[in-house]
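**Q** Provided below for reference: sequence and predicted model.
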Amino acid sequence: MEPFVKITSSFGVTGEKPSCSGIKQAIRSVTLDLGVHPHPSINTNPLYLPLQFIRSKIQFHTQHKALHYKMDDVNSHFKSKKEVFVTVGTTSFDSLVRAVDSDQVKEALLEKGYTHLVIQMGRGSFVPRKSSGEDGSLVVDYFTFSSSIADYLRSASLVISHAGSGSIFETLRMAKPLIVVVNEDLMDNHQSELAEELAERKHLFCARPQTLCEVIKSLSLDIIVPYEPGDANTVAKLINKHLGFPVD
Amino acid sequence: MVEFVSIFLVVITTIIVIRVVYVISQSSKPVRNTSQKPLSTLVVLGSGGHTAEMINLLSVMQKDWFAPRYYIAAATDNMSLQKARVFEGILDDKGADGSQFMQIYRSREVGQSYITSVGTTLLALGHALWLMVKIRPHVILCNGPGTCIPICAIAFIFKVLGIRWSYIFYVESIARVKRLSLSGLLLYKLHMADQLFVQWPQLQKQYPQARYVGRLM
């Protein structure tokens, strides 16, 4: 007897882990589309699906001992929201906004499985095009400033940031994949130092506005080394010692 | 008369030079602080990343020893003082205990040319002098950018003149991997800071008198 198949989040949807609620939603809508009532156990975790249905819609093939499946027409239902958040910080960085607004970059992001693009454009004068993504393209939205940048970072699957250390470390501490784009128009361009050093240590990817597209195309999240936050205690102890305060 | 004036100037200059050398040599030595009294502390907040680093440092420092705390940020920077207020609020449920928050004219904005920086630096210097006369802190904590230079310069002059002996600590920003910032370089070359910390080993190799302390972020 094999009427149902167990779906867990270890299944990769086009190589990425979808959220459980995303799957649940997708399955509900697919089964309802076909006029099939969801099995009662569909509301429990893990999820179950009629195997026949899976067979008819999804091509199974085993690879690297793990079960992968290729999505066909159910692709759009299964695809969970994957957001790219672009931030330029408190200043303006038009060449970055212009770069992410370009068709090549949007296409590259779509190819990598991203569905939404949110741009924090700061004081820049270049206004990107909004898009509701009805034609299967990227959903694009933008704003100038927000007091809740952290929320945007948290909900993002990929962050494309200016090279300011505030944005960089906030993103790294949330363990989000990060592409840092260095602003070459700044007079004193020391910012590339930090981005390049952290890129060398494989904590993030470093790009220029004109190389952003290539960096996205060759993006492989597996090589990222998680960032270990630093420790301010060393400095504090040295200051205490210098001032003659007891150092434990 | 001319002779008298020139002798007077030579004597004064010699005294100042000797005093400056004394101040610099004393500053690098640890303090024998037997009273363990709290030290009033001036915290110069940079902006964005600088402020985040400073708050990170403050969060591991004993607030009883560094009190009261005076926060200074650039007049154009509204976020930093707000962050400091939030930090003080978290640190002390009674609310800011004698902590003060002040704004200062900034000597140089990001992207401003070096030439126009001269005028704005003079303005910043005057404002800094006024604030420093009011506060006269025992400890100064700063990590760039330009805002801290007028403060540190005045603190150094106060030391030389015997008005107030401040302990100046400068932590170079984590963003500086290969070269010191302009502020860091000035403090380093002029020996104005008691201690200058850097966060990357390769930077310490270039500036041997700096102390490597690892990453703050």
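**A** Yep, that arrived.
**Q** Domain-wise, how is chain A divided?
**A** A:4-78, A:83-223 (automatic domain parsing).
**Q** mean pLDDT for these: which is lowest?
**A** Ranked by mean pLDDT, the domains of chain A bottom out at domain A:4-78, which scores a mean of 41.
**Q** All the strands of chain B, residue numbers only.
**A** Using DSSP state E, the strands of chain B run over B:41-44, B:69-74, B:100-104, B:139-142, B:167-171, B:195-198, B:211-212.
**Q** Of all the ones you listed, which one comes closest to A:A175?
**A** The closest of the strands of chain B to A:A175 is strand B:167-171. By CB to CB, the value is 25.4 Å. (Glycine included, C-beta is placed from N, CA and C.)
**Q** rewinding a little: next, format the strands of chain B as a markdown table and append mean neighbour count, mean pLDDT and distance to chain A.
**A** What follows is the strands of chain B, written out as a markdown table (neighbours: other CB atoms under 10 Å in any protein chain shown; pLDDT from 0 to 100; distance: least, CB to the nearest CB, whole Å):
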| stretch | mean neighbour count | mean pLDDT | distance to chain A |
| --- | --- | --- | --- |
| strand B:41-44 | 27 | 96 | 10 |
| strand B:69-74 | 24 | 92 | 12 |
| strand B:100-104 | 17 | 90 | 16 |
| strand B:139-142 | 25 | 96 | 7 |
| strand B:167-171 | 24 | 97 | 6 |
| strand B:195-198 | 23 | 97 | 6 |
| strand B:211-212 | 15 | 96 | 7 |
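**Q** Go through those and name the closest to A:S218.
**A** Short answer: strand B:195-198, nearest of the strands of chain B by CB to CB, at 33.3 Å.
**Q** pull the longest helix from chain B.
**A** helix B:2-27 (DSSP state H).
**Q** Show me the shaky parts of chain B.
**A** Residue ranges of chain B with pLDDT under 70: B:90-97, B:107-111.
**Q** hmm, back to that, what residues sit buried inside the longest helix of chain B?
**A** B:V20, B:V23, B:I24, B:S27 (16 or more other CB atoms under 10 Å in any protein chain shown).
**Q** So what's the residue count around the closest residue to the first one other than its chain neighbours?
**A** Leaving aside its sequence neighbours, B:V20 sits nearest to B:V160 (CB to CB, 6 or more residues apart in numbering or on different chains; 5.7 Å). Applying other CB atoms under 10 Å in any protein chain shown, we find 14 other residues in the vicinity of B:V160.
**Q** Help me confirm that B:V160 comes into contact with B:I24.
**A** No. Contact criterion CB atoms under 8 Å: B:V160 and B:I24 do not qualify, at 9.5 Å.
**Q** any bit of stretch A:84-100 sitting next to chain B?
**A** Yes. Applying CB under 8 Å from any CB of the partner chain, one finds stretch A:84-100 touching chain B at A:G89, A:T90, A:T91.
**Q** possible to save these as JSON lines with neighbour count, secondary structure and distance to A:G122?
**A** Output for the residues of stretch A:84-100 next to chain B, formatted as JSON lines (neighbours: other CB atoms under 10 Å in any protein chain shown; DSSP: H, G, I helix; E, B strand; the rest coil; distance: CB to CB, whole Å):
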{"residue": "A:G89", "neighbour count": "20", "secondary structure": "coil", "distance to A:G122": "6"}
{"residue": "A:T90", "neighbour count": "17", "secondary structure": "coil", "distance to A:G122": "6"}
{"residue": "A:T91", "neighbour count": "16", "secondary structure": "coil", "distance to A:G122": "6"}
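**Q** for those residues, which one is nearest B:M54?
**A** The closest of the residues of stretch A:84-100 next to chain B to B:M54 turns out to be A:T90 (CB to CB; 16.8 Å).
**Q** Run through the residues that contact the closest one.
**A** Residues near A:T90 by CB atoms under 8 Å, 6 or more residues apart in numbering or on different chains: A:G122, A:R123, A:F145, B:S47, B:G48, B:M79.
**Q** Please tell me how far the third one sits from chain B.
**A** I take that to be A:F145. Distance from A:F145 to chain B, counting by CB to the nearest CB, to the nearest Å: 11 Å.
**Q** Then the first one?
**A** Distance of A:G122 to chain B, given as CB to the nearest CB: 12 Å.
**Q** quick one on the thing from earlier: how about the contacts made by the residue nearest to B:V20?
**A** Contacts of B:V160 (CB under 8 Å, 6+ apart): B:I16, B:R19, B:V20, B:V23.
**Q** For A:L110, pull up the helix or strand it's in.
**A** helix A:103-111 (DSSP states H and E).
**Q** What strands line up against the next helix or strand along the chain from that helix, and which way round?
**A** Downstream of helix A:103-111, the first helix or strand assigned by DSSP H and E is strand A:116-120. Here strand A:116-120 is paired, per DSSP bridges, with strand A:83-87 (parallel), strand A:139-143 (parallel).
**Q** Correct me if wrong, but A:D151 is in a helix.
**A** Yes. The assignment for A:D151 (DSSP: H, G, I helix; E, B strand; the rest coil) places it in a helix.
**Q** what number of residues lie near it?
**A** So A:D151, with other CB under 10 Å, has 11 neighbours.
**Q** which residue ranges form the helices in chain A?
**A** So, for chain A - with DSSP H - the helices run A:20-33, A:51-57, A:75-78, A:94-101, A:103-111, A:149-155, A:165-173, A:191-200, A:212-217, A:233-242.
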